[in-house]
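1. Prediction below, plus the sequence it came from.
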Amino acid sequence: MPAPGGPLMSRFLIACGGTGGHLSPGIALAQGLAARGHEATLLISHKKVDARLLEKYPALRVARIPGAPFTLRPLGFLRFVWQFAAAFFFSARIIRAWRPDVIVGFGGFTTSGIIIVAALFRRPVALHEANRVPGRAIRVFGCLARRLYLPPGVSMPGVRRSAVRHAGLPVRQEIVRLPREAAQTRLGFDPSHKVLVIFGGSQGASSLNRWVRNRLERLAGDGIQVCCVTGLGKGGDEVREVATGAGGAVKAVFLPFCDDVATLLSAADLVVSRAGAGTIAELIRCATPAILVPFPRAANNHQWANARFFEQQGGGLVIDQEYLADLDREVRDIIFNDWLLRKFRANLQRMDRANLLDLILDDLEGLAAPGLARPAGGSSSPSPAEPRKQPA
């Protein structure tokens with residue numbers, strides 16, 4: 001029964017660190033839960049990309065969980081085992097101290113330890129898989145989940161059918177389509193020229209960075225402006241003026257990181273990008289046509305599966321990295337074809353209906369319902385395992 005003085009609320013632990021593709025939907029989920037009066041703590045990795053992305057969200061509660069990717073290389077495997085053990089004991093402490101009602105995992109190496117401990121403590125577990133080929137953590141621990149959120153049309157053996165819900169990837173609330181000219185002006189581009197964005201995801205893509213640098217003069221000759229997000233550690237801020245074929249100049253901008261994705265994608269007439277599920281969800285939300293170049297060494301080739309679905313739904317095209325030499329022609333054929341761009345944007349707006357954050361929030365509230373005995377504003381006394389407000 002609710003205590004007098006406030007509505008019932010629940011506590012959620014969200015394991016989502018390691019890559020922008022895991023962290024961004026975790027942030028979106030935390031925002032949605034907070035808007036409904038719940039408490040959420042993000043469990044993030046110690047990687048720089050996590051801290052950089054969270055700089056915009058000082059109000060979110062975060063804690064850093066130990067972890068390392070799985071590998072069979074001897075030293076890497078030993079590091080994985082050591083970090084997994086550390087994550088196990090960290091998870092036990094935080095669950096005992098904070099007593100979450102539901103633990104949510106978005107896959108990756110930050111998920112494994114907390115999910116095992118949650119099962120031992122008999123806490124409800126929900127897992128979300130954004131890619132069309134489920135990752136290792138989701139495949140291994142899916143049987144422990146009371147709820148498994150999968151992309152529409154994707155199934156997974158060994159999981160109870162009653163546990164599966166089909167839902168799109170949660171997108172942060174500030175990721176919305178902006179007027180093209182306003183977005184381009186905000187980034188310092190000339191709205192009278194086309195803008196091509198190169199976007200390798202949160203960690204960048206070296207092959208795409210090289211491709212655009214090698215073709216800057218050729219693109220500028222066609223009057224195409226460029227904004228390339230290189231990735232942290234792959235170069236600093238750089239702005240260049242490159243001569244056009246008409247005797248003028250267009251701007252080429254290189255950024256190691258962009259924390260205003262909505263403006264970036266809204267300014268783009270066309271994006272050349274990797275095919276991570278998070279990037280695709282943001283392209284769909286901003287209705288930005290894209291040529292996707294799947295990362296060829298992605299686990300289980302999941303980026304190729306993501307990209308093919310995107311192409312089949314009419315959001316853009318797919319090019320294998322082996323055929324990057326053909327990318328020049330494809331960029332020119334699309335970026336100056338306004339009819340085709342409008343067609344792609346219409347298809348992307350139709351696809352956005354699959355991004356059902358409210359469905360996930362409603363379902364998680366149902367999972368937490370047996371533990372809804374804590375009033376909003378109730379006790380939340382600090383302890384050694386209590387998560388910090390700010391990432392360290």
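-> Happy to help now that I have it. Numbers count the residues shown, from 1 in each chain.
2. Please count neighbours and contacts with C-alpha atoms only from this point.
-> OK.
3. Just say helix, strand or coil for Val242.
-> Here Val242 is recorded as strand under DSSP: H, G, I helix; E, B strand; the rest coil.
4. Just to be sure, Leu127 is in a strand?
-> Yes. Checked against three-state DSSP, Leu127 lies within a strand.
5. pretty sure it contacts Pro151?
-> No. Counting by CA atoms under 8 Å, Pro151 is not a contact partner of Leu127; they are 12.0 Å apart.
6. more neighbours, these two?
-> Taking neighbours as other CA atoms under 10 Å, Leu127 and Pro151 compare with Leu127 leading, 26 against 21.
7. where exactly do the helices run in the chain?
-> Ranges of helices within the chain are 20-35, 48-54, 74-98, 112-120, 136-141, 180-186, 206-214, 216-221, 261-267, 277-285, 302-312, 327-335, 338-351, 357-368, based on DSSP state H.
8. residues in contact with Phe189?
-> Val195, Gln225, Lys251 (CA atoms under 8 Å, 6 or more residues apart in numbering).
9. Chain neighbours aside, what residue packs nearest to the first one?
-> Nearest residue to Val195, sequence neighbours excluded (CA to CA, 6 or more residues apart in numbering): Gln225, at 4.7 Å.
10. Local confidence estimate at the one you found?
-> With respect to pLDDT, Gln225 scores 96.
11. From His193, how far off is it?
-> 7 Å (CA to CA, to the nearest Å).
12. between the two, which one's more packed in?
-> Gln225 (27 against 16).
13. Is Glu39 in contact with Arg11, as I believe?
-> Yes. Using CA under 8 Å, Glu39 is in contact with Arg11, at 4.8 Å.
14. Which one's more surrounded, these two?
-> Neighbour count, other CA under 10 Å: between Glu39 and Arg11, Arg11 has more, with 23 against 20.
15. State the distance from that one to Asn131.
-> Taken as CA to CA, the span from Arg11 to Asn131 is 26 Å.
16. Then Ser192?
-> Remark: distance between Ser192 and Asn131 (CA to CA) = 37 Å.
17. What backbone torsions are found at Gly37?
-> phi 90, psi 10 (degrees, to the nearest 10).
18. picking up where we left off before, of the contacts of Phe189, which belong to strands?
-> Taking DSSP state E, the ones among the contacts of Phe189 that sit in strands are Val195, Gln225, Lys251.
19. ok, so of the residues you listed, who is nearest Pro294?
-> Proximity of the ones in strands among the contacts of Phe189 to Pro294 (CA to CA) peaks at Val195, which lies at 21.5 Å.
20. Reformat the contacts of Phe189 as CSV; add distance to Asp333.
-> Shown next, in CSV, are those (distance: CA to CA, whole Å):
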residue, distance to Asp333
Val195, 14
Gln225, 16
Lys251, 21
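21. List just the nearest of those residues to Val272.
-> Once CA to CA is applied, the member of those that ends up nearest Val272 is Val195, at 11.1 Å.
22. what residues are up against that closest one?
-> Phe189, Ile224, Gln225, Val226, Cys227, Ala267, Ala268, Asp269, Leu270.
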